[in-house]
Each structure stands twice: as structure tokens, then as C-alpha cells.
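with the input below, show me the fold.
(one chain, ligands or ions: 1)
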Amino acid sequence: PHILVLHGPNLNLLGTREPEHYGSTTLADIDARLAARAKAAKVALECWQSNSEAALIDRIHSARQHTRYIIINPAAFTHTSVALRDALAAVAIPFIEVHLSNVFAREPFRHHSYFSDLAVGIISGLGAQGYELALDHALTQLTIKA
Ligand code: DQA
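I've put the predicted structure just below:
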């Protein structure tokens, strides 16, 4: 795909998981909205979720071939994973970091991200809409460079 959307651990439980932080939209709903937007723009998009750090790293490596933009919510790995950070640095594909909740309004351990300084930009606290805003930006960038 031209654009790859990566969802990290526990995001498969969206809809029922801590709705006070993450809202009631399911991951399937989020992915369907993104797919519709990408289709309208005639851009190939894949949404992919894993609870496994290793699987996410492998998926980032295989993105090297065709993917021109990544949108990633690393979830808890945001705050822990040097390995996932290094994978994104290695493939050098521009990426936007998205969080449903405002991580800066939460526990101090969520305030640090291993990704933010490498990201094109960060969206945090805008709920499911954050992914759509990130996709709009990626589409704009890809269209400009096409
Ligand atoms: C999250 C925020 C993280 O701190 C948390 O571990 C998540 C989800 C978010 O989307 O708000 O799993 O990335």
C-alpha cells in the first residue's frame, strides 16, 4: 500500500476498552473510515494491528518496498520501545504518530515517547478523528509529490 496504518497493542479492544480514555468507536469503524477516504483519493491503504512488538517491527521492515507514508499509534510501545523506533528510523518512511487520548493529560509515564522526535508530526487527544486528520495530511503530501 502507499499508506500503511499501524495499530499497536490492545487497540483491537477499542470500543469496550476504557471508553473514558479511548471513546466507543471500534477499530473496525476507524479502519473503515480510513479505507473510504483513501479509496476516494485513489490511494492504496492498509490498516494493520498487532499486539506483538516483533510483528510490528517485521511489518515496518516489509513496508520498505512500496509504502510512502506510515500512520502509527504505537500504543503502550510508545513509551517503551527503542526497537520499534529503530525500525522506523531504519526504513526512513515518513510517519505521523497518533494517540486517541491526550497522553500529556495522563500519567507521567505516558508523557515520554520514543517516536515523537522522528515523526513528521503528532496528534494526541482528538480521538478517532486523529487518524482521519493524519490521513488527510498524508494524502496531501503524497499528492503534492506525485
Ligand atoms: C494510546 C496512549 C498510550 O499511552 C496507551 O498505552 C495506549 C493508547 C492512545 O491512543 O491514546 O494503548 O496510544
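
CA atoms for contacts and neighbours, from now on please.
Will do.

which residues of this structure lie near the ligand?
Proximity of the chain to the ligand (C-alpha under 6 Å from any ligand atom) is limited to residues 73-76, 99-101, 103, 110.

next one: phi and psi at the residue nearest the centre of the chain?
The structure's the chain has its C-alpha centroid closest to I72; by C-alpha atoms, centre = their mean the separation is 1.8 Å. Torsion angles at I72 (phi, psi; degrees, to the nearest 10) stand at phi -130, psi 130.

wait, isn't it in contact with L11?
No. Using C-alpha atoms under 8 Å, I72 is not in contact with L11; the gap is 11.5 Å.

residues near E107, how many?
E107 has 8 neighbours, counted by other C-alpha atoms under 10 Å.

same deal with T67?
The burial count for T67: 19, using other C-alpha under 10 Å.

C-alpha coordinates for the helix ranked longest in the chain, CSV please?
Scanning the chain for the helix with the most residues, using DSSP state H, yields helix 129-145. Output in CSV follows, covering the C-alpha atoms of helix 129-145 (Å, rounded to 0.1, in the frame of the first residue of the first chain):
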residue,chain,number,x,y,z
GLN,A,129,-10.7,11.7,14.3
GLY,A,130,-7.0,12.0,14.9
TYR,A,131,-6.4,9.2,12.4
GLU,A,132,-8.5,10.9,9.7
LEU,A,133,-6.7,14.1,10.2
ALA,A,134,-3.4,12.3,9.9
LEU,A,135,-4.6,10.5,6.7
ASP,A,136,-5.7,13.9,5.2
HIS,A,137,-2.2,15.2,5.8
ALA,A,138,-0.5,12.1,4.3
LEU,A,139,-2.8,12.3,1.2
THR,A,140,-1.9,16.0,0.7
GLN,A,141,1.8,15.2,0.9
LEU,A,142,1.6,12.3,-1.5
THR,A,143,-0.5,14.3,-4.0
ILE,A,144,2.0,17.1,-3.9
LYS,A,145,4.9,14.8,-4.5
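
so what does that helix touch, helix or strand wise?
In terms of contacts (3 or more C-alpha pairs under 8 Å, 6 or more residues apart in numbering; DSSP states H and E), helix 129-145 is packed against helix 27-40, strand 69-73, strand 95-99, strand 121-124.
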